[in-house]
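>>> the following block contains a protein sequence and its predicted model.
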Amino acid sequence: MTMDNNNLYDVIVVGGGIMGSTTAYYLTKKDPKLKVAVIERDLTYARASTALSMVNVRIQFNLKQNVEISQYAFDILDRFEDEMTVNDLRPSIAYHREGNLFLYEADAVESAKAAMTMQQEMGCQVEWWSPEGIVEHYPLYKPQETIVGATFGAQDGHFDAYAVLMAYKANARAQGAAYIEDEVTGLLIDDGRVSGLKTKSGDTYLSTLIVNCTGAWCNELLRTAGVELPVNPVKRQCFCIDPAVKPDRPLPLTFLPSGFYFRTETGGMVIMGKSMPEDGVGFDFTWEQNRFMEQMWPELAEFVPAFEQLKLIRGWAGLYAVNTLDGNAILGEWPEIRGLYLANGFSGHGLQQGPAVGRHLSEMLTGSDLTMDLSIFDPRRVLDGKPILEGGLLQKEVRYASR
């Protein structure tokens with residue numbers, strides 16, 4: 001192999017979405033002398049999960065490490081526009097903290113209240129609401145008789161995902177990271193250690209530290225090194241409607257026990273989605289109007305009767321990298337290949353976890369002290385077949401994998 005110093009990097013990040021760009025940002029911020037490349041197959045991000053996300057950041061997890069990750073995201077987003085201004089370009093991320101509301105039936109109350117207690121002990125603003133309290137706060141809602149209560153996280157909210165991604169990318173580039181538009185076709189392994197990669201254009205890039213941030217496409221890259229993660233690309237469809245009756249205040253991201261969720265958007269629009277067992281596995285970006293007409297509209301109208309009259313504005317589909325083992329991140333060095341780092345399997349939580357994950361990876365890759373103990377997400381558990389099972393986590397986190 002011919003050594004080309006122009007293609008020799010300290011760290012190569014494969015995938016330039018939220019995970020890849022936060023990793024590049026924190027790496028170059030921590031050590032400006034590092035030579036970092038981000039290789040992304042499509043820099044328009046037309047099918048990137050980051051750009052197609054319905055976007056949510058929430059404190060309501062029942063694993064403390066996920067709560068800590070969200071607390072860091074809240075801190076970052078609060079000061080994001082000031083701190084991420086670069087070359088006199090100030091990002092506008094439309095950060096709105098309108099809350100998340102999770103409704104529960106009787107069989108889920110015990111675990112929900114246990115998680116809420118843990119969150120409160122960590123300083124989170126989370127409350128338990130009775131069915132009457134739900135209606136008092138949001139009079140348009142009509143909870144079914146099976147709903148016994150809800151948790152409301154006032155700090156939870158949403159933001160402009162594309163604007164956040166572009167800001168991380170702009171800052172990473174300003175700090176020296178190179179963004180290369182190409183498709184990685186294979187990892188190079190030498191005596192149990194990663195040594196570089198090849199791309200579709202025929203180029204070879206060399207590095208002994210490579211990070212897989214390819215989201216739903218993660219196994220396409222890993223299979224070239226004989227690795228297979230329990231991560232599936234699962235299609236999630238979202239819809240935007242214009243209801244005839246507009247709510248008098250923004251509605252929180254509201255989750256029903258069935259997996260249906262919705263929130264208001266700018267201009268009184270409502271966006272929604274639903275996790276279903278029949279959601280397709282594969283790289284399919286089509287969306288089906290019949291899904292909305294036959295399954296989602298009736299459920300929305302039952303819960304919010306005022307939304308019975310509406311106009312479907314548009315729909316779209318994106319991919320979630322669903323970790324079928326336990327619905328949580330696979331984060332860290334792959335035990336069988338030195339220098340190959342993973343940031344995969346976020347199961348719909350990736351956008352909000354990007355800042356903490358990018359910082360964590362930068363610390364791991366540079367041998368720095370770790371700000372957070374995220375060892376619970378270590379990839380070793382995949383080889384051992386040991387899912388995370390804290391406080392009923394497996395059942396809940398897989399169920400809400402699309403959140």
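That came through fine.
>>> what is the longest helix seen in the chain packed up against?
Ordering each helix of the chain by length in residues (DSSP state H) puts helix 350-366 first. With contacts taken as 3 or more CB pairs under 8 Å, 6 or more residues apart in numbering; DSSP states H and E, helix 350-366 sits against helix 18-30, helix 49-52, helix 64-78, helix 161-174, strand 330-333, strand 340-344. Using the backbone N, CA and C atoms, a C-beta is placed for each residue, glycine as well.
>>> name the residues of the following helix or strand past that helix that are buried.
Heading C-terminal from helix 350-366, the first helix or strand you meet, by DSSP states H and E, is helix 380-384. For helix 380-384, burial by neighbour count (16 or more other CB atoms under 10 Å) applies to 381-382.
>>> next, give phi and psi for Phe80.
When read as degrees, to the nearest 10, the backbone of Phe80 gives phi -60, psi -50.
>>> what's the distance between Ile39 and Val11?
11 Å (CB to CB, to the nearest Å).
>>> which other helices and strands contact whatever helix or strand Gly196 lives in?
Under the criterion of DSSP H and E, Gly196 resides in strand 193-199. With contacts defined as 3+ CB pairs under 8 Å, 6+ apart, the packing partners of strand 193-199 are strand 11-14, strand 184-190, strand 204-206, strand 210-212.
>>> a markdown table for the ones you listed, including distance to Phe80 and mean neighbour count?
Shown next, in a markdown table, are the helices and strands packed on strand 193-199 (distance: least, CB to CB, whole Å; neighbours: other CB atoms under 10 Å):
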| stretch | distance to Phe80 | mean neighbour count |
| --- | --- | --- |
| strand 11-14 | 21 | 27 |
| strand 184-190 | 30 | 18 |
| strand 204-206 | 31 | 19 |
| strand 210-212 | 23 | 28 |
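>>> right, so of those strands, which gets closest to Gln120?
Smallest distance to Gln120 across those (CB to CB): 35.0 Å, for strand 210-212.
>>> tell me the first helix or strand C-terminal of the closest one.
Assignment by DSSP H and E places the next element after strand 210-212 at helix 218-222.
>>> ok, Ala321 - how many residues close by?
If you count neighbours by other CB atoms under 10 Å, Ala321 ends up with 27.
>>> separation between the nearest residue to it once chain neighbours are set aside and Gly345?
In this structure, Ala321 finds its nearest non-sequential neighbour in Ala216, 4.4 Å apart by CB to CB, 6 or more residues apart in numbering. Distance, Ala216 to Gly345, by CB to CB: 10 Å.
>>> more neighbours, the two?
Neighbours were counted for Ala216 and for Gly345 using other CB under 10 Å; Gly345 has more, 30 against 26.
>>> so how far is Phe346 from the nearest residue to the more buried one once chain neighbours are set aside?
Spatial nearest neighbour of Gly345, excluding adjacent residues (CB to CB, 6+ apart): Asn323 at 3.3 Å. With distances taken as CB to CB, Asn323 is found 7 Å from Phe346.
>>> repeat that for Ser258.
23 Å.
>>> neighbour-wise, which of those two wins?
For Ser258 versus Phe346, neighbours defined as other CB under 10 Å are more numerous around Phe346 (29 against 15).
>>> my guess is that one contacts Ala321, does it?
Yes - counting by CB atoms under 8 Å, Ala321 is a contact partner of Phe346 at 6.0 Å.
>>> shared neighbours of these two, anything?
Common neighbours of Phe346 and Ala321 are listed as Gly215 (criterion: CB atoms under 8 Å, 6 or more residues apart in numbering).
>>> quick one, what contacts Val57?
Per CB under 8 Å, 6+ apart, neighbours of Val57: 70, 73-74, 77, 156-159, 351-352.
>>> could I get the pLDDT score of it?
Per-residue confidence at Val57 stands at 96 (pLDDT).
>>> Gly280 versus that one, what's the distance?
27 Å.
>>> just Leu34 next, same as before
In terms of CB to CB, Leu34 sits 40 Å off from Gly280.
>>> mean neighbour count and mean pLDDT for the helices and strands packed on helix 350-366 - can I get that in TSV?
Output for the helices and strands packed on helix 350-366, formatted as TSV (neighbours: other CB atoms under 10 Å; pLDDT from 0 to 100):
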stretch	mean neighbour count	mean pLDDT
helix 18-30	27	98
helix 49-52	21	94
helix 64-78	19	97
helix 161-174	22	98
strand 330-333	22	98
strand 340-344	27	98
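>>> returning to what we had before: return the member of the contacts of Val57 nearest to Phe262.
His158 (12.1 Å).
>>> contacting residues around the residue lying closest to the closest one once chain neighbours are set aside?
Nearest non-adjacent residue to His158, counting by CB to CB, 6+ apart: Val55, 4.5 Å away. By CB under 8 Å, 6+ apart, the residues touching Val55 are 158-161, 351.
>>> next up, the contacts around the nearest residue to Ser368 once chain neighbours are set aside.
Of all residues not flanking Ser368 in the chain, Lys30 sits nearest, at 6.9 Å (CB to CB, 6+ apart). Neighbouring residues of Lys30 by CB under 8 Å, 6+ apart: 362-363, 366, 368.
>>> got a ChimeraX select line for the buried ones in those?
Selection of buried members from the contacts of Lys30 for ChimeraX, criterion 16+ other CB under 10 Å:
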select :362,363
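>>> got a markdown table for the contacts of Lys30, with distance to Ile330 and pLDDT too?
Listed next are those as a markdown table, based on distance: CB to CB, whole Å; pLDDT from 0 to 100:
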| residue | distance to Ile330 | pLDDT |
| --- | --- | --- |
| Ser362 | 18 | 98 |
| Glu363 | 17 | 98 |
| Thr366 | 21 | 98 |
| Ser368 | 21 | 97 |
